[in-house]
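>>> this is the structure alone, sequence omitted:
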């Protein structure tokens, strides 16, 4: 019996009583299991162990027992998510492949369950920041690991996600790392600038080293994204790169270092990776690219035939001969039935109505996150709140750009960002403090410093426990 399996089993079963006593820990465990998929790193009995069922089931039981449970905040994001769930239920009723439709509907409901439960249990810095770290770390682990692998192999082999998980393959892990990359940078800045006083002196001394480690993970993850050879992930990182560059300090040094590496050291893009990128420009010669164009036409024509409800989930189950009748051309391949685009996927499955609701949800999230980013520091003094709102927003932009070429409408990480948006919005609304109090301290960049967590006494306050 492998030690990894025993270790994972011990951790999971050890979490059960903790979750029953502190239900909010179950949200952390749920996202850890759902996003990192640790069972994919084992080789024995834990590969088929129902991790999500154990953690998720325990958390749902604990929710009903929790005394500090909050009402579900009915923000516009939550209302639109409820509307989206209601609409895909309607489209499942009218689906051309009912069995496959309800099977996918159940999977989506399981994903949305945690999205609705998380804001009920996660509130306050003591809970919000650990959740941010768990979501970030669950994907950053593969960025760190994949970046080292890419460097050691000279980028000649693909970086893949863990098997038997939603991250399996290069496309999904590439997209996940694109979405998390800004959050890794926000985490590095939070540790480096010590925006939070955790109330543990020994831990405070490790903040800077933790920040350096997060910065290293950021760069390794960027390398790992390129080494996935996913063209969708490549377009995603192109979309987020300008936002990341503008957020960084010492931009001149970064430009100079890049110049030295390319012109002096002679660092170049691996030939295999360059060939993959070149296929974007010469798409007519690439079978995969032409399959995308064919699939887009298919889903567009399906939406034209049934503009309100589309064909429902998993309409591909009707078979190739039914599917190809909606195509503008057939090509030399068969059974390439993937929609190859989030937007065409929604269009073909749920009609223009479903696509519209989804886009409204994404737009509402971007607007909310931008408002938090612009006002958090001034209204609450919480530098971390501003930073993570920016990070979630940029990660969402990366998803929206890359999603044009990848069918990821039900990607679990997207709905994690929905939950984070709702949680961060409530932190902004409930964390407002007077302007004089928000400006008590200044961080290293000259901006107002962070508000101290409710469970930590501000240094020099003269109150018991404060440093004099």
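That came in fine, so what should we check first? Just so you know, these numbers come straight off a predicted model, no measurement behind them.

>>> please make it C-alpha for all contacts and neighbour counts, starting now.
Fine.

>>> leaving out chain neighbours, which residue sits closest to residue 352?
If the residues on either side of it in the chain are set aside, residue 352 comes closest to residue 307, at 5.5 Å by CA to CA, 6 or more residues apart in numbering.

>>> again with residue 240
residue 398 (5.6 Å).

>>> count of residues packed around that neighbour?
Residues lying near residue 398 (other CA atoms under 10 Å) number 29.

>>> then residue 122?
When neighbours are defined as other CA under 10 Å, residue 122 has 25 of them.

>>> surely it touches residue 24?
Yes: counting by CA atoms under 8 Å, residue 122 touches residue 24, with 6.2 Å between them.

>>> what's the helix or strand that contains the residue nearest to residue 240 packed up against?
In this structure, residue 398 sits in helix 383-402 according to DSSP states H and E. Helices and strands touching helix 383-402, by 3 or more CA pairs under 8 Å, 6 or more residues apart in numbering; DSSP states H and E, are helix 170-193, helix 231-247, helix 342-380, helix 412-430.

>>> just the angle for that helix relative to helix 231-247, thanks.
Inter-element angle recorded for helix 383-402 and helix 231-247: 150 degrees (by axes from the mean of the first three to the mean of the last three CA atoms, to 10 degrees).

>>> show me how far helix 383-402 is from its chain's centre.
Here the centre of mass of C-alpha atoms in helix 383-402, compared against the chain's by CA atoms, centre = their mean, to the nearest Å, lies 9 Å away.

>>> tell me where the model's unsure across the chain.
Of all residues in the chain, those with pLDDT under 70 make up the ranges 1, 250-286, 334-335, 432-468.

>>> residues contacting the residue nearest to residue 240?
Residue 398 is in contact with 178, 179, 236, 237, 239, 240, counting by CA atoms under 8 Å, 6 or more residues apart in numbering.

>>> mind checking how far it is from residue 377?
24 Å (CA to CA, to the nearest Å).

>>> same thing with residue 104?
Distance, residue 104 to residue 377, by CA to CA: 41 Å.

>>> now swap in residue 164 and tell me
With distances taken as CA to CA, residue 164 is found 42 Å from residue 377.

>>> and those two? Which one has more around it.
residue 377 (25 against 14).

>>> thinking that one is in contact with residue 383, fair?
Yes: A contact is recorded between residue 377 and residue 383 when judged using CA under 8 Å, the distance being 5.5 Å.

>>> what segments of the stretch 151-300 of the chain are helices?
Read by DSSP state H, counting those that start in this stretch, the stretch 151-300 of the chain holds these helices, from start to end of the chain: 170-193, 201-205, 207-227, 231-247, 251-260, 271-281, 287-305.

>>> turn those into TSV, columns for distance to residue 116 and mean neighbour count.
Supplementary listing: these in TSV, determined by distance: least, CA to CA, whole Å; neighbours: other CA atoms under 10 Å:
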stretch	distance to residue 116	mean neighbour count
helix 170-193	21	26
helix 201-205	33	11
helix 207-227	30	21
helix 231-247	27	20
helix 251-260	40	12
helix 271-281	38	14
helix 287-305	29	21
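
>>> dump those to JSON lines, plus distance to residue 54.
Putting these into JSON lines (distance: least, CA to CA, whole Å) gives the following:
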{"stretch": "helix 170-193", "distance to residue 54": "24"}
{"stretch": "helix 201-205", "distance to residue 54": "32"}
{"stretch": "helix 207-227", "distance to residue 54": "30"}
{"stretch": "helix 231-247", "distance to residue 54": "32"}
{"stretch": "helix 251-260", "distance to residue 54": "46"}
{"stretch": "helix 271-281", "distance to residue 54": "41"}
{"stretch": "helix 287-305", "distance to residue 54": "38"}
